[in-house]
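Participant: Build the 3D model from these lines:
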Amino acid sequence: MSAITSAEIVVDGFEDEEGNEVDFEITITRSEFNDLIKASVDGTIEMIKTILTRNSLGSKDIQFTLMVGGSTYIPYVRQRAEEILQIPANCEIDPTTAVAVGAAYYAATKQKEISKSDKQQKKSAISIKASYNKASKEKDELFAARVTGETENLFYKIVRQDGGFDSGLKKLSERISEDLPLVENAFNFFSLSVYDSLNNVIETDIEPIGINSGFGISGQPLPEDICLEVDDYDNPGHTRLVLIFQRNTILPTKRTVTFPINKTIIKGSEDNDIRINILQGSHLALPEANKSIGFIGISGKNLKRDISKGSDIEITITLSESQDLTVAAYLNMADQEFKETFNPKERHTPVDLLKEQVEDLSEKLEEEIEQATEKEDYETASALSKLKKKWKLWLRKLRN
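Facilitator: Sure, this is the predicted structure:
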């Protein structure tokens, strides 16, 4: 309910204790949902206040509150935290990815625990100290080891985990070396085993051999969908979203899409223009519910010649690892390209477009008030009416 004020839940497909079919609908408003989670949210905020007090810190000492965890997607959570703590909420990172990254950082600080029984066994076994590069761009990597202990009548064998390499049994000596063939762009794991003359395995203290062969760690995942706003031909006068990059796409990334122009644009005119609006947010939401992160407007004044309806526009959208957005629009008929780069920390939306979006939202607000009144949901209708008054104030400021 981040984008709408209420949601209907349909419950069906099962029976009650008496064998009767269950089939009913529940309408939950945003205010009801907020009331349900209020106690939990306030409890967490009180815990934060306690930590700040304990460390003699005030709201002015904290630059921002970083929102981490899926529940911080809820607008009420962000709003309530800012309201009580008086600290700005930072929502620039993906809350769910942050949890995974944090868990990985924490895991990296923990040492592997070896039980006492394992230590006792390894103390009495042959000791092998290995030396090799753990990251390599070569096809083969040299493995060398020094063996401490009695090696007479003992043999060793090195096997790659996928079965693609087997050194065969070789006589064990105080120093051994082997060229290990690597699978490109993968983590290669090998095991070194020591055997006696009867082919029994002898305990050693060597860990599995792991070599990274040219496998780079991927860039950060995209925190939200990236969409392009286009005309909705099924609903004339309205627009819809086309998914360009799905959430969790690994950056950097690039995509080119082609669309027909739906109107003729005369060179030098100002009446008609082409609007390329890139939005961040769910591709299933309404365009006005998402954040505009890049906008290019092409009018007749920018054209070398007239553009006919139905001619193609080729749009190339590139996202860098730091989420810098580059949009390039190529008009085939005019043989012209318009290109701009946008910074994720800034919003680039023309004032005229913002005015149009505010007016559209005002109309939809009227519709939702009427729908809530018809359903006798007076609480929602009242809340929307208050919001309507705020809209009117904003509209006056924009017009001035």
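Participant: For the stretch 1-150 of the chain, give me the ranges with low pLDDT.
Facilitator: Segments of the stretch 1-150 of the chain classed as low confidence (criterion: pLDDT under 70) are 1-3, 108-125.
Participant: Sorry, slip of the keys, the one I care about is the stretch 151-300 of the chain.
Facilitator: Within the stretch 151-300 of the chain, the stretches with pLDDT under 70 are 214-219, 272.
Participant: What segments of it are strands?
Facilitator: Counting by DSSP state E, counting those that start in this stretch, the stretch 151-300 of the chain forms strands over residues 155-160, 170-171, 175-181, 186-195, 201-202, 209-213, 226-231, 239-245, 253-260, 273-280, 291-299, given from the N-terminal end onward.
Participant: Look at residue 370 and report its pLDDT.
Facilitator: Per-residue confidence (pLDDT) for residue 370: 86.
Participant: Same check on the one 3 residues further on?
Facilitator: pLDDT, residue 373: 86.
Participant: Kindly report the same for residue 379.
Facilitator: 82.
Participant: hang on, the earlier thing: so which of the strands of the stretch 151-300 of the chain gets nearest residue 86?
Facilitator: Residue 86 sits nearest to strand 291-299 of all the strands of the stretch 151-300 of the chain, at 24.3 Å, using CB to CB. C-beta here means a position set from N, CA and C on the backbone, and glycine is covered the same way.
Participant: Show me what the closest one is packed against.
Facilitator: Counting by 3 or more CB pairs under 8 Å, 6 or more residues apart in numbering; DSSP states H and E, the packing neighbours recorded for strand 291-299 are strand 273-280, strand 325-331, strand 336-342, helix 351-374.
Participant: could you give the angle of whichever strand or helix holds residue 390 to helix 351-374?
Facilitator: Under DSSP states H and E, the secondary-structure element containing residue 390 is helix 378-399. Put simply, helix 378-399 runs at 160 degrees to helix 351-374, going by axes from the mean of the first three to the mean of the last three CA atoms, to 10 degrees.
Participant: who does helix 378-399 touch, helix- and strand-wise?
Facilitator: Contact analysis of helix 378-399 by 3+ CB pairs under 8 Å, 6+ apart lists helix 30-54, helix 351-374 as its packing neighbours.
Participant: The first one: how far from the chain's middle?
Facilitator: Shown here is helix 30-54, whose average C-alpha point lies 26 Å from the average C-alpha point of the whole chain (CA atoms, centre = their mean, to the nearest Å).
Participant: now, of the helices and strands packed on strand 291-299, which is deepest in the fold?
Facilitator: Between the helices and strands packed on strand 291-299, strand 273-280 has the highest mean count of neighbours, a mean of 20, where neighbours are mean count of other CB atoms under 10 Å.
Participant: and that one, which strands flank it?
Facilitator: strand 226-231 (antiparallel), strand 291-299 (antiparallel) (DSSP bridges).
Participant: Remind me which helix or strand residue 11 belongs to.
Facilitator: Per DSSP H and E, residue 11 falls inside strand 6-15.
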